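J.: The following comprises the amino acid sequence and a computationally predicted model.
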Amino acid sequence: MSATTVEVIRQHLIDPEICIRCNTCEETCPVDAVTHDARNYVVDVGKCTGCNECISPCPTGAIDNWRQVAKKDAYTLEAQFSWDSLPAQREIDADSEAELPTDVARITALATAGQGGTAAAPWSAAHPYVNLYTIEKPAIATVTGNHRLTGDGASSDIRHIVLDFGGTSFPVLEGQTIGIVPPGHDASGRPHHVRLYSVASPREGERPRYNNLALTVKRVTEDHDGKPVTGVASNYLCDLPKGAEVIVVGPYGTTFLMPNHPGSTLLMVCTGTGSAPMRAMTERRRRRIAQKESGDLMLFFGARSPDELPYFGPLTKLPQEFIDVNFAFSRVADTPKQYVQDRIRARAADVARLVADANSYIFVCGLKDMEEGVDRAFRDACGAHGIDWDARLPELRAQGRYHVETY
Amino acid sequence: MSIDYSEKIPNNVDLASNKTLQRALEKWQPEFQNWWAETGPEGTRGTDVYLRTAVSVEPKGWAHFDYVKMQDYRWGIFLAPAEPGRKVNFGAHKGESAWQDVPGEYRANLRRLIVTQGDTEPASVEQQRRLGLTCPSLYDLRNLFQVNVEEGRHLWAMVYLLHAHFGRDGREEAEALLQRRSGDADNPRILGAFNEPTPDWLSFFMFTFFTDRDGKYQLCSLAESGFDPLARTCRFMLTEEAHHMFVGESGIGRIVQRTCEAMVAGKTDDVAQLRAQGVIDLPTIQRYLNFHFSVTMDLFGSDVSSNAATFYTSGLKGRFDETKIDDDHLLSGATYPVLEIHDNRLATAQAPALNALNEKLRDDFIRDAAAGIERWNKIIEKHGIPFRLKAPHKAFHRRIGPLAAAQIAPDGTVVSPAEWAANADRWLPSTDDQAFVASLMGRVVEPGKFANWIAPPSRGVDNKPADFEYVRFA
């Protein structure tokens, strides 16, 4: 395994459309990295140390813009002087997917088994960067937030953890995963395996334009069969105080990615912490509501009870015209058990309509157990409306419209 | 009353150990609070506003964001960090060490400069007092309040100089700053533009774009002063002044954006049709621009001024970017072009550069303002609309200086009183324009909602989303 072949940096840029040329940044910069001509204020990539001294004094926010670029292709001062607006984030060839860590390859193969092998990414997905940081050359992130998402009475402890990458470039897309390496060694003296977690925040960060991301982590206290066990990585993460440093590798994932074209529709099915990528995608769309580009969002979300649903509160506050949320609770007193597959069947007409719509994309994420039930529910829902699910599935996969990640 | 000086009044002037200053402020501070309650933003008692407070002069310290009740805002006293070994950089004292105390012979002139600058700060708060009642969104309301508290802080900055360096005269001037009132017939503010009403948000954005930009240029000139405390105070004030110009530039930009959207959607440039849709037509925006530009032109003072020459030669007020200019910094024998009227036409004459310093600062301002206007034009261009906003000629609609005697059209042509009267409504906001703009001013305070005549901002304050609750009402 080798380190990434392209050195990616986070280049600091000023948005010429918002900047009012007040000179505050140039005055503030301790290393004279900011300069200007008659047209624009610009940042010298060779001088900027990413100290952020200029960020809060800027009266407009124009100063707070960053682009991931290959170091060799960083924008020059001349290029920046010529801009009327900021360039879009461009693609970088981080040509290293073949060298995924064995742990990561193993987990990924298992997790995507449910979709019947490798699926394509949606055609309008953004280009993902993968494997920029390896076990030999990991990134270090700092915990800037760690709070419990589940209710006080809930039996599970699911937490929202925010990691900040400081000056390190760590670009991710919704649906991608990152690897966490718990410190120390296992009982037999070997370093711990990498654990993968789906990113729960949109690409521009948990807090827009901050170099951070969020994870949804459930404290593991029992194994799949209900036997007591202490999950090494999850307990490590759930107990991390603010300010703690974490070893991170990745990012990973080139197919479980959201479509970006206007009018594209998301059908999301998840349970428990499988909600992380759904939260990332939903939040991406929510922050862009003003652009009015999103097609329908439909979510099936299962848990034992409302208390155990991560992000339950925020989800119930989203307007119905933005997202069609369907909860399924399996352990609510005096109420029949409901699973996501029951809700899918109950909404068969809408589900079948989305499966038939070439602009809709299906994402399933959660525990391994749900795969079969969800598959059957799709088959029933489609069958009831004249669609042969088994015949349709290979087509959906080939078009990058059906994605499963379970664990 | 007793004040915990470091907590209540954030400062870097060692207020805690300066008894003289404490005594002066103990008297003045309650008067300031009364003035704020009487003439500050209307109906804001108990309202929580997401404001930026300067808590120190380090880059991270002067942008501390939090919800604050307006009357509890911590108006602080800050001087930019001292520059070791700083010199007087222009005029007769060029090369001497910068003064830390007021030189006796310049005391009256220096006080006059500080009072004139200081008077504009409370004036604009008074002018903007009622705007909160017609805000187009919570985002804009918050920006208005931020501008208001910063103008308040700028008043504090000037009052600090008066208290710390001018003894009894200074204390009396500081009190008078709280007694004059914008637009008051008997006791008006010193400068004309600061007695004009700011009746609507289009005027407010134009004011912050043009008139606060005059503030920027005045502060930049004073930041070159040989009197070091004044230079350092103004240097720090500039960082806040930039925010005011941002409010103006982005405010007009968003109005233009909204109008262009309506023009494209309706495939029309028909004024009546656009007005019927509740957006502000571009010609009306141009007329407001003409008015605020011309009123601001007057703020720079008379084109040829012996006072300006005196302030410069004595090292009290420099030029914009003085230390970056490559000349003798004495202006001996240099000339500068000024405008005169000859045979009913504008003509250029050469005046001694020392006497034409107001004119030079005015020209520096015009370059800066024109660049901002071009950025508005970019928005219009993007929509493919063949219309350009334009700064009027600097001689247009003047009331101060030799050009005030003539009637001059926006293109710089001298016109007869009859021609002026026939065209005034094409060049300046008419009663009809003002009534139309006033008719749009309704109050929008639902988070994330914006009045129909203005587009949402492209990003929120402190990276908050557009639907953030920037203001929470009691």
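T.: Noted; the coordinates are in hand.
J.: Confirm for me that B:S203 is in contact with B:Y288.
T.: Yes: B:S203 lies in contact with B:Y288 (CB atoms under 8 Å); the separation is 6.7 Å. The C-beta positions use only the backbone N, C-alpha and C, and glycine is treated the same way.
J.: now A:V325, what's its secondary structure?
T.: strand (DSSP: H, G, I helix; E, B strand; the rest coil).
J.: Return the per-residue confidence for A:L309.
T.: With respect to pLDDT, A:L309 scores 81.
J.: Pull the number of nearby residues for residue 258.
T.: This is for chain A. When neighbours are counted by other CB atoms under 10 Å in any protein chain shown, A:M258 registers 27.
J.: hmm, I had chain B in mind actually
T.: So B:R258, with other CB under 10 Å, has 22 neighbours.
J.: burial count for the nearest residue to it once chain neighbours are set aside?
T.: Leaving aside its sequence neighbours, B:R258 sits nearest to B:A455 (CB to CB, 6 or more residues apart in numbering or on different chains; 4.4 Å). Using other CB under 10 Å, B:A455 has 19 other residues around it.
J.: what touches both of B:S203 and B:Y288?
T.: Common contacts of B:S203 and B:Y288, defined by CB atoms under 8 Å, 6 or more residues apart in numbering or on different chains, comprise B:V437.
J.: More neighbours: those two, which one.
T.: Under the criterion of other CB under 10 Å, the comparison of B:S203 against B:Y288 puts B:Y288 first, with 24 against 21.
J.: could you say which helix or strand contains the more buried one?
T.: helix B:282-299 (DSSP states H and E).
J.: And that helix, what does it pack against?
T.: helix B:201-206, helix B:212-222, helix B:228-266, helix B:357-382, helix B:417-427, helix B:431-440 (3 or more CB pairs under 8 Å, 6 or more residues apart in numbering or on different chains; DSSP states H and E).
J.: what's the next helix or strand after it in contact with?
T.: Per DSSP H and E, helix B:282-299 leads on to helix B:306-313 as the next helix or strand towards the C-terminus. Contacts to helix B:306-313, defined as CB under 8 Å, 6+ apart, come from residues B:90-92, B:109, B:113, B:301, B:317-319, B:330-331, B:352, B:354-358.
J.: at 6 Å what do you get?
T.: Defining contact as CB atoms under 6 Å, 6 or more residues apart in numbering or on different chains, one finds that helix B:306-313 is touched by B:91-92, B:317, B:354-355, B:357-358.
J.: Name the SS class of the residue lying closest to A:A356 once chain neighbours are set aside, please.
T.: In this structure, A:A356 finds its nearest non-sequential neighbour in A:I387, 6.2 Å apart by CB to CB, 6+ apart. Three-state call for A:I387 (three-state DSSP): coil.
J.: Chain A contacts on chain B?
T.: B:59-60, B:63, B:239, B:242-243, B:245-246, B:249, B:459, B:463 (CB under 6 Å from any CB of the partner chain).
J.: any idea how far B:L222 is from chain A?
T.: Computed as CB to the nearest CB, to the nearest Å, the B:L222 to chain A distance reads 16 Å.
J.: got the contact list for that residue?
T.: B:230, B:234, B:317.
J.: One more pass at 7 Å, please.
T.: Contacts for B:L222 were tallied using CB atoms under 7 Å, 6 or more residues apart in numbering or on different chains; they are B:113, B:117, B:230-231, B:234, B:317.
J.: nearest to B:P429, of those residues?
T.: Nearest to B:P429 out of those is B:Q117 (CB to CB; 28.1 Å).
J.: sec struct for the closest one, please.
T.: Per three-state DSSP, B:Q117 ends up helix.
J.: Can you give me the neighbour number for it?
T.: 25.
J.: can you check A:A328 too?
T.: A:A328 has 20 nearby residues by other CB under 10 Å.
J.: Three-state assignment for it, please.
T.: Relying on three-state DSSP, one would call A:A328 strand.
J.: Roughly how far does B:T211 sit from chain A?
T.: In terms of CB to the nearest CB, B:T211 sits 15 Å off from chain A.
J.: returning to what we had before: which of the residues of chain B next to chain A lies at the shortest distance from A:G313?
T.: B:N463 (22.1 Å).
J.: Now that closest one: phi and psi?
T.: phi 60, psi 20 (degrees, to the nearest 10).
J.: In contact with it: list those residues for me.
T.: A:61, A:207-209.
J.: Neighbour-wise, give me the winner out of the residues you listed.
T.: The residue in those with the most neighbours, by other CB under 10 Å, is A:G61 (20 neighbours).
J.: what's the spacing between that one and A:A141?
T.: Taking CB to CB, to the nearest Å as the measure, A:G61 falls 24 Å from A:A141.
J.: Just give me the neighbour total for the residue nearest to B:D184 when sequence neighbours are not counted.
T.: The shortest distance from B:D184 to any non-neighbouring residue, by CB to CB, 6+ apart, is to B:N195 (7.9 Å). Here the number of neighbours of B:N195 (other CB under 10 Å) works out to 18.
J.: returning to that earlier point: give me whichever of the helices and strands packed on helix B:282-299 is most buried.
T.: Of the helices and strands packed on helix B:282-299, the one with the most neighbours on average (mean count of other CB atoms under 10 Å in any protein chain shown) is helix B:201-206, at a mean of 25.
J.: Name the surrounding residues that touch the worst-scoring helix or strand of chain A on mean pLDDT.
T.: None of the helices or strands of chain A scores lower by mean pLDDT, DSSP states H and E than helix A:102-111, at a mean of 73. Contacts to helix A:102-111, defined as CB under 7 Å, 6+ apart, come from residues A:179, A:193-194, A:196, A:252, A:405-407.
J.: Stretch B:50-60 too?
T.: A:28, A:53-54, A:56-57, B:10, B:12, B:61-65, B:67-68, B:73-74, B:76, B:78, B:80-81, B:142, B:145-146, B:149, B:236, B:461, B:470.
J.: Likewise for stretch A:398-407?
T.: Counting by CB under 7 Å, 6+ apart, residues outside stretch A:398-407 touching it are A:111-112, A:114-115, A:119-123, A:255-256, A:360-368, A:370-371, A:393, A:396.
J.: Need the distance between the two termini of it.
T.: From its first residue to its last, stretch A:398-407 covers 23 Å (CA to CA, to the nearest Å).
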